[in-house]
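S.K.: give the three-dimensional model of this entry:
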Amino acid sequence: SGHGYDGAFCGAVATVADGRFGSALLLPGGMFDAVEVSPGYGLDLGSNDFTLEAWVQPWYDMYRYGPQTILGKSGGWDGYALRIEDHRLVLRLDVNGQVVIAGTTSIPDGSWTHVAACRAGDRVQLFVNGVPEGSGWAVLPPWSSVSSAWAPFRVGSTFNGDSFYGLVDEVRLSSTSRYM
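M.R.: Residues are numbered from 1 along each chain as shown. Alright, predicted model coming up:
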């Protein structure tokens with residue numbers, strides 16, 4: 001990453017494939033298949049502005065159903081996860097209870113799509129291909145802190161599984177709201 005957050009494959013062996021820009025992570029969609037970065041506070045979102053983003057190419061089929069986690073840092077009761085649920089972008093934030101922000105745009109099968117979630121102050125907004133999602137925003141109390149110090153950061157699955165099947169490229173976490 002260039003910031004000391006080096007990841008390692010866990011679960012089945014993920015591979016590298018042609019990506020949106022250079023190489024991408026090809027995730028086979030098995031339970032807990034992911035790239036994992038060790039636990040710590042460095043990738044917690046806290047109560048500050050943030051942007052979570054990636055280029056994704058999900059593959060849907062009749063044998064793989066349910067949520068597909070793009071990235072997240074979740075211990076089951078706390079943390080965050082940017083996912084695809086029912087072909088739509090969803091951000092789950094565990095902030096004194098779970099806040100779920102769901103988009104309306106269908107994420108196409110087998111096509112590259114840019115997805116992002118941003119927090120600016122007390123507002124959280126989803127974006128698909130740079131376009132704000134109409135109902136994909138929520139207002140959080142300004143003191144709301146999103147953290148999960150003991151959980152690892154993962155690309156491709158969460159603590160509970162919900163593995164991604166397809167390609168993920170250009171994952172970025174920023175401590176600023178890049179699109180709001």
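
S.K.: can you name the next helix or strand after the least confident helix or strand in the chain by mean pLDDT?
M.R.: Here the helix or strand of the chain ranked lowest by mean pLDDT, DSSP states H and E is strand 131-139, holding a mean of 73. Next helix or strand after strand 131-139 toward the C-terminus (DSSP states H and E): strand 153-155.

S.K.: what's next to whichever helix or strand comes after that following strand, contact-wise?
M.R.: Scanning forward in sequence from strand 153-155 by DSSP H and E, the next helix or strand is strand 165-174. Around strand 165-174, the neighbours that count as contacts under CB atoms under 8 Å, 6 or more residues apart in numbering are 17, 19-29, 43, 50-61, 64, 68, 70-71, 110, 112, 155-156. Every residue, glycine included, has its C-beta placed from N, CA and C.

S.K.: so what's V100 up against?
M.R.: Contacts of V100 (CB under 8 Å, 6+ apart): 90-93.

S.K.: check the offset of the helix or strand hosting it from the chain's centre.
M.R.: For V100, the enclosing helix or strand under DSSP H and E is strand 98-106. Computed by CA atoms, centre = their mean, to the nearest Å, the chain-centroid distance of strand 98-106 equals 12 Å.

S.K.: could you do stretch 127-135 as well?
M.R.: Relative to its chain's centre, stretch 127-135 lies at 15 Å (CA atoms, centre = their mean).
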